[in-house]
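Student: Dropping the sequence and predicted coords here.
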Amino acid sequence: MFWGKRLGSVALALLGCLILQRVGLGLNSYFQTMLVLAGVYVTLSVSLNLINGITGQFSIGHAAFYMIGAYSAGVLARAFYVPLDKSLYSPLNNGFQGLVQSISPGFTCQLQPLMWLIGVMIAGAIFAAVAGFVVGLPSLRLKGDYLAIVTMGFGEIVSIIVRNQEPLGKSYGLEIKPTIPSIFLTWLLAVVCIAVCRNLLKNVHGLSFLAVREDEVASSAMGVNVTRVKVAAFVLGSAFAGAAGAIYAHSLGFVSPTNFSMDISFIILTMVILGGSGSITGATVAAVVLFYIPEWLRDLKTIPMAGFVGAIFATIMVVALVKRTLDGFQEKGRKTAMIFASIGAGIVMTIALRFALKGVTGLEGSIDGNKLRFVVLAAILVILMLLRPQGIFAHHEFSWKWVKGLFKKKTAVSA
Amino acid sequence: MDFSTHFVAAFELTTLPQQLINGLLNGAIYALIALGYTMVYGVLKLINFAHGEVFMLGAYGALFVSWKLGYQPDGNAPPPSLMALVLMLLGAMLICTIVAFFIERFAYRPMRNQPRIASLITAIGLSLLLQYAGQIFLLNGTPQTIQAEKISPFSGNVVLNLRGADQSRLAEAEKLKPAWDAAVAEFKARMPLEPGGEFNLSQEGERLHTKQGDAERAYKAALNDGNAGVMKIEVPKGQVVLFTITIILMAVLTYLVMFTKQGRAMRAVSHDFNAASLMGINIDSIITFTFLLGSALAGAGAMMYCTFIPGTKIDSFLGLAPGIKAFTAAVLGGIGNIPGAVLGGLVMGVAEYLVVWAGYDSYRDAIAFLILIVVLLFRPGGLLGSAKVEKV
Amino acid sequence: MKPSIKTLAFTLVSTFVLGAALTGCNGGGDTPKTEGDNTKPPVAGGTTAVRPVPPSEGPMAEGDTIKIGTVCSVTGDNKPWGEDSYEGSKLAVEEFNAAGGLGGKKVELILGDSASKPDQAKTATEKLMSQGVIALIGEVSSGNTIQMAKSAFLKGIPVVAVGATRTDLGNEGTHVFRVCYSDDFQGPVMAQFAYANKNLRNVAVMTDNSLPYSQGLSKSFITAFEKLGGKVKEHFYASGAGGNSNYSGNLTEIKGENPDGLFLSGYFTEVGPIVNQARAAGITVPVMGGDGWDSDLILASGGDAIIGGYFCNHYNNADNRPQVIEFLKKWRAKHNGKDPGTTMGALGYDAMAITLNALKNAKTVGAKGILDALEDTVDYKAVSGDITLKGMNGNPDKRAIVVEITKKDAAGNWQKFAKDFVASDIKK
């Protein structure tokens, strides 16, 4: 029974990834790219959730591990990769190839692209894990905001070093051949990451992670090896980020420091917290949602649509703010006041937005939603946080029981 | 040329005193912004990521005030005046205070009883919102500059001579000057005969041009040789003003926090939120007051940053870089600690400039973080802070 | 904790070893030789590699309008340039449509925002292609353009770069064109100007380490200047999230070195303050730079110090070529009398105009038709100079002009023509 269930879920996961791959191939290349990038973000978010949400170590430098993974993939590909199909081979006239050839003349590595990608993922994971170990060590002494700034500083240092190294392409970046966008592997990685985190929480080791989050001193008194747990969280979390970086590098065929800047770290952190700190389901869902919103907003083109979106957001925001503001009052007319205030403010905000939007008109009176997408993204972020500070899923996880519960309730009502 | 001159020149120590002073002045900028950061952190216990954006809005406030006063990039500007600087300062502080009021009231206060990390994400969200909205609504995101040299009466440098030039060598160099003058005169006399103008010379013109250049180089090289041992410190007056104001502000804030009733309440709130409220302290008003004070400091910092460092570009991402550096400085000094913030800023400033002096200027921005990491490893609470041991 | 980490490590290692064993990593011998890599003659723009040909014919125009996409950094760090590029392209399309379009069929310009980031440039490109564009205009920076080129390669859609000066851009494929010159022209132009015309021998270079553009330009300038016999010392600063606008550290070092010229390869947003502070620190040598200087905002941030500086530009607003006069008239009419903020306004216009011109001349109204017509462009009279793309591997053989910054005159001109260069002027 136990093993049957295990094997069943593994098979299901593989099948799911394969289906996703098949579905992706049927879509246009835009959605293929989106699927790959979404998978990368899911891995990033879930892996940061392990450090941040589950173990409670406040890290805001996740992009550094992601970057290390991506660059190690890039460097390896430039140094070693030769596809089996020699017509695809292009001379890589850079330092690494020369270095490798000088150490071992004529050394090449011929691999199927997918096998290569797996190898590079593992290599990226190892490099990032080493970095995670290095960063994890200070976490023994530091906590909270002090740890946060150390991780952020580490990210900055990595990025500054890359910007100054000629072999790493300086601030321009590295071109990587071949480009292997694999939906299957990306999502397989994401699923593995989710599974590792989930299974960790189900056994005693995982509980020690949670214990460290809740209370370090108490958990150490209960015999939890706090040092080991913290470092393990950093190593594991950054290894997955590194693997995601490797996949990302090979799906874009190009890495540059701007792709791993500090705001990427912030976005990943936001995914974790918005989903519900500690909730794997939350991290997954929030990653997909937050990744998709700015892409979706590219379609924000016509004035009515912009007005519509604006009105909805304005109203929600105002309701949220007014509700929060009036929470302290206990008067009878509170509800009515709230409704009227929000309707009034919603109208005012819509009109204001309508005027504001005049500044961003595109060709022939249309609106360039492109210019607005990050404003709207940030607004959504703030509103969601105000409405639901504990995150979308709070600490809850998705489970079949919960789904069954949903159906049961419904049948009970209909009966 | 005596031995020490030689030594100094050989090891490029000539720029060292200047770089140390530069470093201090640069650190004062970080310190000034870090003061606001650290005040807010002290009571709110929240890394206020939106602080940089409040700073940015303050800079825009100062810019608009300066435009209103007539200091536009084009056209005639009124004479420099101290009054204009004060008005800009007040304008920047006012804008920041207003913005901060709304941020605190509608974004941070509702989150006060929630996990701290939720407020942190709100802060990140606000910061993004202000950055990208600013890029659309604040002059369409076009980078602007305050016309500092037209406004500031603090123009010119404060010069401090540590060691003079080698006069005998300078006198020797002066002997080369007539040759240069002659070459210039010769080329000038030739110029009217040149059909192509200054940059399309004929062969003869080209020869004279090169000759002039060579004579000039010979003269300048001799001059530089004479000046090789010169050690002097030259500092823009504006930055001295900034440094002084930072130190004064630090003193005033320390007094405020340590010796006034309001300050005692602040410390109480910072120490224990609930106990403070049980003691009859109005938490809301204390937090609002501190937040507004911190933001007004950001405004003051922004105005001085953009005025005393001439040419600073003002766009909606302005707050990002100073924000990060100031945050680092505040943590380095021990976050929540006012003298610590200043010390942290100065240490960072000097460290950066020592790195530049040593010739590793491409790693200048990394050194701040490196120092931070090293310091925190040995003193987890920062330079002047104390690491609290959590009890069960 | 112990077993799970060990198991994980074992699994990882064994997978890697197994993978390597299965597919064969061979050390030594058997180096794959490639045919025809090093036999190609050097071509314009310094590109020596073979340019791959897109594998597919590319889509045809469908629907009532002809869709052309433009990817621009309309948000993020590069907004001033991206915005201008978009406005320029818009102007060209409006003009084309007002003149009747292509036999009555209008051109629809679709914008994709890259947020000044390469990965966003990729999704923007993919999105535009999914909307059925048959040509792509864009990007002001090379990193983003490379992403566009990579995405468009498989679909065979032509990409006309606006301001991507990176030298090896053309290696992406035969579908990539640009309307600007490349770094390996601009750098030597300024080196030659500095060495021969300004008689400088010892130049300090300041490079913005967070900008690929600045690093590339500095590199090509330094190489060329040293080849001419000059001496160079490079200094670095960063303008990104880590940097700040106080350059006194670099300037003190530069002053100690007594150079006779200062070359600033960054954007005008940083060059202004640098020059301003350099003068205040007592550095009075001539200053020079690249096309990143071109914005009248440099006058505001550089103050009096920037007057008399030289930079390399694509064109000059004070030019009396009819194309420039016409373009400025139209731009000013549309933007309340304002000039383009940066040089990307004109380049965005040119990129669009040359594509529309190709559309007119195309045999079929589709990606392939435009691509072939672009490749056949000869002597197109663009705002930024005459552009010939035929046989140039996408790198037009354009002239570069060096201009001197002067005080703004009554007509708003602030660039004084100093000297122009064509490719043959550069001593190899």
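Tutor: Looks like it came in fine. Numbers count the residues shown, from 1 in each chain, chains lettered A, B, ... in the order given.
Student: Every contact and neighbour count from this point should use C-alpha atoms.
Tutor: Will do.
Student: Tell me which stretches of chain B form strands.
Tutor: For chain B, the strands defined by DSSP state E occupy B:157-163, B:231-236.
Student: And for chain A?
Tutor: A:81-83, A:108-111, A:174-175, A:254-255.
Student: Comparing those, which yields the minimum mean pLDDT?
Tutor: Out of the strands of chain A, strand A:108-111 stands lowest, with a mean of 59 (criterion: mean pLDDT).
Student: Mean neighbour count, the strands of chain B: which tops it?
Tutor: With neighbours defined as mean count of other C-alpha atoms under 10 Å in any protein chain shown, those peak in mean count at strand B:231-236, which reaches a mean of 20.
Student: what's next to that strand, contact-wise?
Tutor: The list of residues contacting strand B:231-236 from outside it, by C-alpha atoms under 8 Å, 6 or more residues apart in numbering or on different chains, reads B:14-15, B:17-18, B:21-22, B:155-164, C:280-281.
Student: quick check: angle from that strand to strand B:157-163?
Tutor: With axes from the mean of the first three to the mean of the last three C-alpha atoms, to 10 degrees as the basis, strand B:231-236 and strand B:157-163 are set at 170 degrees to each other.
Student: Name every strand pairing with strand B:231-236 and say which way it goes.
Tutor: Strand B:231-236 sits in its sheet next to strand B:157-163 (antiparallel), going by DSSP bridges.
Student: Phi and psi next, for the residue in chain B positioned nearest to chain C.
Tutor: Nearest residue of chain B to chain C (C-alpha to the nearest C-alpha) works out as B:Gly311 at 4.0 Å. Dihedral pair for B:Gly311: phi 90, psi 0, per degrees, to the nearest 10.
Student: picking up where we left off before, I'd like to know which of the strands of chain B lies nearest to A:Gly26.
Tutor: strand B:231-236 (64.8 Å; C-alpha to C-alpha).
Student: check contacts around B:Leu318.
Tutor: Neighbouring residues of B:Leu318 by C-alpha under 8 Å, 6+ apart: B:Gly52, B:Glu53, B:Met56.
Student: which among those residues end up buried?
Tutor: Among the contacts of B:Leu318, the ones that count as buried by 16 or more other C-alpha atoms under 10 Å in any protein chain shown are B:Gly52, B:Glu53, B:Met56.
Student: Name the nearest residue to the last one, ignoring sequence neighbours.
Tutor: The reference is to B:Met56. B:Gly319 (4.9 Å; C-alpha to C-alpha, 6 or more residues apart in numbering or on different chains).
Student: cool, and the first one?
Tutor: Take B:Gly52 and drop its neighbours on the chain: the residue closest to it by C-alpha to C-alpha, 6+ apart is B:Gly319, 4.0 Å away.
Student: before we move on, what about C:Ile134?
Tutor: Closest residue to C:Ile134 apart from its sequence neighbours, by C-alpha to C-alpha, 6+ apart: C:Ala367 at 4.7 Å.
Student: Can you report how many residues lie near the one you found?
Tutor: By other C-alpha atoms under 10 Å in any protein chain shown, the residues close to C:Ala367 number 28.
Student: Also A:Gly223?
Tutor: 9.
Student: State the distance from it to A:Val217.
Tutor: 10 Å (C-alpha to C-alpha, to the nearest Å).
Student: how close does the residue nearest to B:Gly52 sit to C:Asp208?
Tutor: 19 Å.
Student: And the helices in the stretch 1-150 of chain C?
Tutor: Counting by DSSP state H, counting those that start in this stretch, the stretch 1-150 of chain C has helices at residues C:2-23, C:79-98, C:118-130, C:142-155.
Student: what angle sits between the shortest one and helix C:142-155?
Tutor: Helix C:118-130 and helix C:142-155 meet at an angle of 30 degrees, taking the same axes, to 10 degrees as the criterion.
Student: How about the second one?
Tutor: Regarding helix C:79-98 and helix C:142-155, their directions subtend 40 degrees when assessed with the same axes, to 10 degrees.
Student: Quick check: buried residues in helix C:79-98?
Tutor: In helix C:79-98, counting by 16+ other C-alpha under 10 Å, buried: C:79-94, C:96-97.
Student: for the third one, same thing?
Tutor: The neighbour-count criterion (16+ other C-alpha under 10 Å) identifies C:Pro118, C:Asp119, C:Gln120, C:Ala121, C:Lys122, C:Thr123, C:Ala124, C:Thr125, C:Glu126, C:Lys127, C:Leu128, C:Met129 as the buried residues of helix C:118-130.
Student: Show me the subset of these that also lies near chain A.
Tutor: Subset of the buried residues of helix C:118-130 in contact with chain A: C:Pro118, C:Asp119, C:Lys122, C:Thr123, C:Glu126, C:Lys127, C:Met129, counting by C-alpha under 8 Å from any C-alpha of the partner chain.
Student: what's the spacing between the third one and C:Met129?
Tutor: Using C-alpha to C-alpha, one gets 11 Å for the distance from C:Lys122 to C:Met129.
Student: before we move on, the earlier item: can you give me the neighbour number for the residue of chain B closest to chain C?
Tutor: 31.
Student: That one and B:Thr145 touch, don't they?
Tutor: Yes - with contact defined as C-alpha atoms under 8 Å, B:Gly311 counts as touching B:Thr145 (5.8 Å).
Student: Find the residues that touch each one of the two.
Tutor: In contact with both B:Gly311 and B:Thr145: C:Ala300, C:Ser301, using C-alpha under 8 Å, 6+ apart.
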